[in-house]
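Undergrad: Provided below are the primary sequence and the corresponding predicted coordinates.
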Amino acid sequence: MLGIWERFDTLWYLHIAAYGYDRPDGIVFYPFYPILIRAVSWITGSELAAAVVICTVATFFMLWGAMRLFELDLDRVTSFRAVVIWMAMPGAFTFFAGYPDSLMLALMVWSLYFARSGRWNRAGALGSFAGLTKALGCFVALPLIWIGWRRRERWSVVAVATCVAGVAGFQLWLAANHFPPVASVYQKYWVTSTVSPWATVADVVRSVTRTRDPLLILNCLALVGIMGASFTRRIRVEYQIFAVAALGLFLTKHTDPLLQSTMRYSVSVFPAFPAVATRCNRGLGLVGMMLSLFGLNLLLLRVFLDWGLVV
């Protein structure tokens with residue numbers, strides 16, 4: 001039951017939890033999740049069991065925090081619908097697959113919730129841990145800047161600085177221990193280079209027209225769908241700022257194959273789902289969309305368990 005989750009990135013986090021950063025290609029994986037795995041494994045007796053427990057518990061707090069955050073702007077029914085659509089999205093199964101995405105998102109949504117509630121000390125602390133979980137996590141500082149500026153709250157400056165401190169501290173630790181720059185590690189070990197977002201888009205357009213690769217097309221559809229939902233008028237400005245930064249970060253990674261893991265990255269852009277929920281009324285249309293998304297999610301899960309790198 002546990003062994004089916006020993007796939008891809010999960011193996012790296014388990015290795016770091018057991019042995020630390022003993023290899024240069026492992027520094028692209030951030031430390032907070034392996035630290036938690038190491039701590040919880042003292043109780044579970046297994047790093048893998050600890051990883052599954054952590055990501056499952058984190059998913060609960062992610063959904064709870066998302067409901068609380070969405071209900072600041074929407075009614076309860078629409079907020080719940082947004083969460084259900086989010087969980088049915090292709091690639092959402094990774095929230096339970098020993099990956100750190102649910103942990104990062106739980107920290108981010110609660111950070112935003114506390115910021116909008118005026119509790120900046122909690123917002124900053126959670127944002128710092130989000131930045132230590134994945135590189136995207138520190139981008140929660142951007143909506144916090146906007147919220148603090150609109151409200152003229154001085155404590156927001158401290159919260160934003162705290163959000164950045166986590167990821168900055170990790171990078172300083174890597175430099176002090178003479179690890180190579182992350183960009184060179186990506187290029188040497190992960191067949192990933194850093195380019196401008198529009199360069200990635202241009203290469204994707206050329207590749208789609210030439211090869212018609214099904215996985216690339218699915219990734220394109222996921223990316224376009226999330227972009228379209230994230231930039232509607234129904235989305236708050238601070239969420240649009242986060243969406244632009246997140247999507248820009250994804251597109252700066254020029255991978256081989258192109259847009260690798262984009263479906264998993266797309267479900268991290270959580271502001272898109274309330275926008276989708278407000279446009280989806282009850283009825284057969286919503287049911288049909290949900291069944292289609294969930295069916296595709298199950299198909300991707302099946303391929304993933306057979307060692308297909310689809311997310």
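TA: Nice, thanks for sending it over.

Undergrad: Give me the residues contacting stretch 49-68.
TA: For stretch 49-68, contacts defined as C-beta atoms under 8 Å, 6 or more residues apart in numbering pick out 2, 5, 10, 13-14, 17, 33, 36-41, 43-44, 76, 79-80, 82-83, 86-87, 95-103, 105-106, 109-110, 113, 270. Heads up, the C-betas are built off the backbone N, CA and C, glycines and all.

Undergrad: Narrow those to those in helices?
TA: Of the positions in the contacts of stretch 49-68, 10, 13-14, 17, 33, 36-41, 43-44, 76, 79-80, 82-83, 86-87, 101-103, 105-106, 109-110, 113 sit in helices, assigned by DSSP state H.

Undergrad: just for the protein, where's the confidence low?
TA: Along the chain, segments meeting pLDDT under 70 span 233, 282.

Undergrad: in it, which spans are strands?
TA: Taking DSSP state E to define them, one finds strands in the chain at 192-194, 253-255.

Undergrad: What backbone torsions are found at Arg212?
TA: With angles defined as degrees, to the nearest 10, Arg212 sits at phi 50, psi 40.

Undergrad: That one and Val201: what is the separation?
TA: For Arg212, the distance to Val201 (C-beta to C-beta, to the nearest Å) stands at 17 Å.

Undergrad: Of these two, which one has the most company?
TA: With neighbours defined as other C-beta atoms under 10 Å, Arg212 and Val201 compare such that Val201 has more, 14 against 9.

Undergrad: so the more buried one touches Thr252, yeah?
TA: No. Contact criterion C-beta atoms under 8 Å: Val201 and Thr252 do not qualify, at 11.0 Å.

Undergrad: Surely Ser266 and Gly91 touch.
TA: Yes. Between Ser266 and Gly91 there is a contact under C-beta under 8 Å: 6.8 Å.

Undergrad: Identify the contacts common to those two.
TA: Ala222.

Undergrad: quick one, helices of the stretch 51-200 of the chain?
TA: Assigned by DSSP state H, counting those that start in this stretch, the helices in the stretch 51-200 of the chain fall at 76-88, 101-116, 120-133, 141-151, 155-176, 182-189, 197-211.

Undergrad: export stretch 180-189 as CSV, just CAs?
TA: Included here for stretch 180-189 are C-alpha records, laid out as CSV according to Å, rounded to 0.1, in the frame of the first residue of the first chain:
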residue,chain,number,x,y,z
PRO,A,180,27.1,24.6,-7.2
PRO,A,181,24.6,27.2,-8.3
VAL,A,182,21.0,25.9,-8.6
ALA,A,183,20.8,27.0,-12.3
SER,A,184,23.9,24.9,-13.2
VAL,A,185,22.6,21.9,-11.3
TYR,A,186,19.3,22.1,-13.2
GLN,A,187,21.2,22.2,-16.5
LYS,A,188,23.7,19.5,-15.7
TYR,A,189,21.6,16.9,-13.9
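
Undergrad: What are the buried residues along that stretch?
TA: Val185, Tyr186 (16 or more other C-beta atoms under 10 Å).

Undergrad: before we move on, what about stretch 136-145?
TA: Quick answer for stretch 136-145 (16+ other C-beta under 10 Å): Leu136, Gly137, Cys138, Phe139, Val140, Ala141, Leu142, Pro143, Leu144, Ile145.

Undergrad: Pull up the distance across that stretch, start to finish.
TA: 16 Å (C-alpha to C-alpha, to the nearest Å).

Undergrad: sorry, back to before: type out the PyMOL command that picks the buried ones from the ones in helices among the contacts of stretch 49-68.
TA: In PyMOL, this line selects whichever of the ones in helices among the contacts of stretch 49-68 come out buried by 16+ other C-beta under 10 Å:
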select buried, resi 10+13+14+17+33+36+37+38+40+41+44+79+80+82+83+86+87+101+102+103+105+106+109+110+113
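
Undergrad: quick one: the residue lying closest to Tyr189 once chain neighbours are set aside from Glu47, how far?
TA: Leaving aside its chain neighbours, Tyr189 sits nearest to Asp25 (3.8 Å; criterion: C-beta to C-beta, 6 or more residues apart in numbering). Separation of Asp25 from Glu47 (C-beta to C-beta): 19 Å.

Undergrad: quick one, which of these two is more surrounded?
TA: Neighbours per residue (other C-beta under 10 Å) separate Asp25 from Glu47, with Glu47 holding more: 21 against 14.

Undergrad: Please name the residues that touch that one.
TA: So Glu47 contacts Leu14, Ala17, Ala18, Ile37, Arg38, Ser41 (C-beta under 8 Å, 6+ apart).

Undergrad: who touches stretch 292-299?
TA: Contact with stretch 292-299 is made by Ile85, Ala88, Met89, Pro90, Gly91, Ala92, Phe93, Leu218, as judged by C-beta under 8 Å, 6+ apart.

Undergrad: List only buried entries from those.
TA: Ile85, Ala88, Met89, Pro90, Gly91, Ala92, Phe93, Leu218.

Undergrad: With that, I have no additional questions.
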